[in-house]
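Engineer: what follows is a predicted structure for the sequence shown.
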Amino acid sequence: MPVDRAAENATFQELVQRQVELMSAKGWYHSIDLPDGNVVQGLIGVDALKGRLAAFPIPASLAGKRVLDVGAWTGWCSFEMERRGADVLAVDCIDFDEFHEAHRMLGSRVAHRLLDVDELTPATVGLFDYVLFFGVLYHLRNPLLGLEKICAITTGTAFVETFVTDDGSGPCTMEFYETTELGGQIDNWVGPTVQCALALCRSAGFARVKLEYLSDRRAGITCHRHWDPPPADPSEPAPRLSSAVNNRSNDIYFHPGKDEYICLYFNSAVPDLTRGRVLVEIDGYGAPILVLAELRPQAWQANLRVPPGLAPGNHTVRLRTEASNYSNPFRIVITEPGQQPEPALARAAVPQGITEPAPVIYEVRNGMTESDVFHGYRKEYVCCRFRTPETGLDRQSVIVEIDEAEQPVLFLTDLGEGCWQTNSRLPADIAAGTHRVRVRTLRSPFSNAGAIRVEL
């Protein structure tokens with residue numbers, strides 16, 4: 001039987017308007033329980049406020065934790081987090097007098113700032129172990145961007161409560177309200193279905209998302225930034241990560257403000273992998289996979305969006321299956337805002353005197369397929385892995401030759417324990433057959449030769 005959405009919306013609008021009238025009469029949105037046992041009555045009673053918090057896995061003790069309460073309003077949640085021992089920051093886009101009155105009556109130390117969601121960044125407010133994001137999402141014109149802002153400042157878990165349009169059985173869709181269609185209020189902009197609300201939280205960058213409750217067109221969602229720990233006794237072998245590169249440029253550089261995606265190439269002996277069975281993390285934060293493809297037996301490619309909030313500098317990528325330990329790490333670089341990485345050089349700096357031993361190539365592979373065969377495809381690159389005792393190398397200090405012709409180093413990454421990797425393109429005029437690859441640094445002679453095969 002089709003849902004009578006017009007009747008539902010009329011009922012909801014009547015409810016909202018009745019709440020507005022009640023709040024005008026009571027004056028306070030949240031009730032506040034005072035230390036002497038008295039209660040300042042507001043629109044939402046203390047029992048209802050406690051019941052909402054109890055629906056989320058928020059620890060009873062928050063000693064040593066930092067908590068952000070977004071859309072704090074009267075501040076009951078902020079004061080409750082403080083009572084549990086947290087260092088709390090309450091933010092709202094309106095400066096409510098009742099918050100400051102409750103703050104005074106409770107003798108609270110909760111910090112308060114007048115900020116909109118768009119203004120929440122690691123630079124403006126810092127990072128938080130826990131974030132409360134209650135009753136805010138549907139007030140945002142750009143809800144996914146708002147959730148990305150929340151993800152970027154969350155180091156542990158965010159708790160989201162929002163209006164939803166269905167009972168969870170509907171498709172992943174969202175309504176947009178241009179004026180006063182939702183509740184007769186101009187600041188209600190969107191109405192996601194339950195599946196859409198969950199998808200928004202995952203797309204914002206949270207690793208694990210769980211629906212905690214659904215009641216009266218309200219949904220409670222827990223959003224974790226981390227995967228569960230690896231198994232103590234892994235039953236599957238750890239993957240081997242070959243590359244983590246920018247899907248546009250095939251290098252390791254990513255640019256703040258751009259919609260960029262990380263392309264991972266890895267090997268795993270585990271059959272029939274799915275997106276849900278492959279867990280990627282960056283600096284310990286889980287990052288959901290968008291696409292997983294098997295390129296050939298045991299060779300895989302995964303694409304994911306760069307998580308929000310990564311600061312400029314080096315970051316470590318690794319992955320595992322549900323039943324394995326993590327792979328070897330791989331380095332990516334977030335550039336400074338507006339900064340572009342230096343282009344790959346056709347010729348490195350002038351070689352210096354020989355003071356270091358020759359590198360040792362232990363593997364040369366096609367970065368797409370992890371084989372030694374190339375077909376001249378646009379996204380192929382020569383992945384040369386070598387060992388050297390030298391440290392602090394950069395692209396300008398490493399020279400790669402294919403058949404004695406120097407090739408630009410697209411990127412150089414430190415794999416750890418004296419191992420390095422360069423990526424270079426094949427020469428445009430390369431012929432079919434077997435070709436020699438060598439590498440040296442500015443202070444070393446050339447390495448042993450690796451071999452690749454070209455089949456055009």
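Structural biologist: Perfect, thanks for sending it.
Engineer: would you check how far apart the residue nearest in space to the middle of the chain and R296 are?
Structural biologist: Centroid-nearest residue in the chain, with C-alpha atoms, centre = their mean: P307, separated by 2.8 Å. Separation of P307 from R296 (C-beta to C-beta, to the nearest Å) stands at 29 Å. For the C-beta atoms, the positions are set from N, CA and C on the backbone; glycine is no exception.
Engineer: go on, D283?
Structural biologist: 30 Å.
Engineer: got it, and D166?
Structural biologist: Taking C-beta to C-beta, one finds D166 at 42 Å from R296.
Engineer: again with Y265
Structural biologist: 11 Å.
Engineer: higher neighbour count, these two?
Structural biologist: Using other C-beta atoms under 10 Å as the criterion, Y265 and R296 rank with Y265 on top: 23 against 11.
Engineer: whichever strand or helix holds the more buried one pairs with which strands, and in what direction?
Structural biologist: Assessed by DSSP states H and E, Y265 sits inside strand 261-267. Next to strand 261-267 in the sheet, as set by DSSP bridges, lie strand 240-246 (antiparallel), strand 299-305 (antiparallel).
Engineer: what's in contact with the following helix or strand past the last one?
Structural biologist: For strand 299-305, the following helix or strand on the C-terminal side (DSSP H and E) is strand 313-321. Strand 313-321 is contacted from outside by 230, 236, 238-239, 241, 244, 262, 264, 266, 268, 270, 273, 277-283, 302, 326-334, using C-beta atoms under 8 Å, 6 or more residues apart in numbering.
Engineer: next one: the nearest residue to L182 once chain neighbours are set aside from D95, what distance?
Structural biologist: Among residues not flanking L182 along the chain, N188 sits closest, at 3.8 Å (C-beta to C-beta, 6 or more residues apart in numbering). Computed as C-beta to C-beta, the N188 to D95 distance reads 21 Å.
Engineer: compare these two and say which is more crowded by neighbours.
Structural biologist: N188 (20 against 10).
Engineer: quickly find the element holding that one.
Structural biologist: Counting by DSSP H and E, N188 is part of no helix or strand.
Engineer: that one is in contact with Y177, isn't it?
Structural biologist: Yes - shown here, N188 and Y177 form a contact pair, counting by C-beta atoms under 8 Å, at 5.7 Å.
Engineer: strands along the stretch 51-200 of the chain, start to end?
Structural biologist: 66-70, 87-92, 111-114, 128-134, 154-163, 174-176, 190-192 (DSSP state E, counting those that start in this stretch).
Engineer: any low-confidence regions in this protein?
Structural biologist: Applying pLDDT under 70 to the chain flags the ranges 1-27, 341-351.
Engineer: can we see that at 80?
Structural biologist: 1-27, 250, 338-352, 368, 370, 378-379 (pLDDT under 80).
Engineer: could you pull out the helices for it?
Structural biologist: Listed in chain order, the helices of the chain (DSSP state H) span 5-26, 46-54, 76-83, 97-106, 122-125, 143-152, 194-203.
Engineer: and the fourth one, what other elements does it pack with?
Structural biologist: Meaning helix 97-106. Other helices and strands packing on helix 97-106, by 3 or more C-beta pairs under 8 Å, 6 or more residues apart in numbering; DSSP states H and E, are strand 32-33, helix 76-83, strand 111-114.
Engineer: turn the ones you listed into JSON lines, columns for mean neighbour count and distance to L120.
Structural biologist: Formatted as JSON lines, those follow (neighbours: other C-beta atoms under 10 Å; distance: least, C-beta to C-beta, whole Å):
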{"stretch": "strand 32-33", "mean neighbour count": "21", "distance to L120": "25"}
{"stretch": "helix 76-83", "mean neighbour count": "23", "distance to L120": "15"}
{"stretch": "strand 111-114", "mean neighbour count": "15", "distance to L120": "10"}
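Engineer: domains in this structure, by residue range?
Structural biologist: 5-224, 240-334, 360-454 (automatic domain parsing).
Engineer: dump the ones you listed into CSV; add distance to I354 as well.
Structural biologist: Shown next, in CSV, are those (distance: least, C-beta to C-beta, whole Å):
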stretch, distance to I354
domain 5-224, 46
domain 240-334, 28
domain 360-454, 6
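Engineer: with distance to V88 and mean neighbour count added, can I get the strands paired with strand 261-267 in CSV?
Structural biologist: As requested, the strands paired with strand 261-267 are exported to CSV (distance: least, C-beta to C-beta, whole Å; neighbours: other C-beta atoms under 10 Å):
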stretch, distance to V88, mean neighbour count
strand 240-246, 37, 23
strand 299-305, 31, 19
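Engineer: same list, these, but as CSV with distance to R443 please.
Structural biologist: What follows is these, written out as CSV (distance: least, C-beta to C-beta, whole Å):
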stretch, distance to R443
strand 240-246, 26
strand 299-305, 35
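Engineer: tell me which of those strands sits nearest to V194.
Structural biologist: strand 299-305 (22.6 Å; C-beta to C-beta).
Engineer: neighbouring contacts of that closest one?
Structural biologist: 203, 205, 239, 247, 259-268, 273, 275, 278, 280, 287-295, 319, 368-371.
Engineer: show me how to select, in PyMOL, the buried members of those.
Structural biologist: Buried members of these, defined by 16 or more other C-beta atoms under 10 Å, are picked up in PyMOL with:
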select buried, resi 203+205+239+247+260+261+262+263+264+265+266+267+268+273+278+280+287+288+289+292+319+368+369+370
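Engineer: residues near D216, how many?
Structural biologist: D216 has 8 nearby residues by other C-beta under 10 Å.
Engineer: quick check on it: phi, psi?
Structural biologist: The phi/psi pair for D216 (degrees, to the nearest 10) reads phi 50, psi 50.
Engineer: could you check how far it is from A48?
Structural biologist: For D216, the distance to A48 - C-beta to C-beta - is 11 Å.
Engineer: list residues touching both of these two?
Structural biologist: Contacts common to D216 and A48, judged by C-beta under 8 Å, 6+ apart, are absent.
Engineer: many thanks, I have nothing further to ask.
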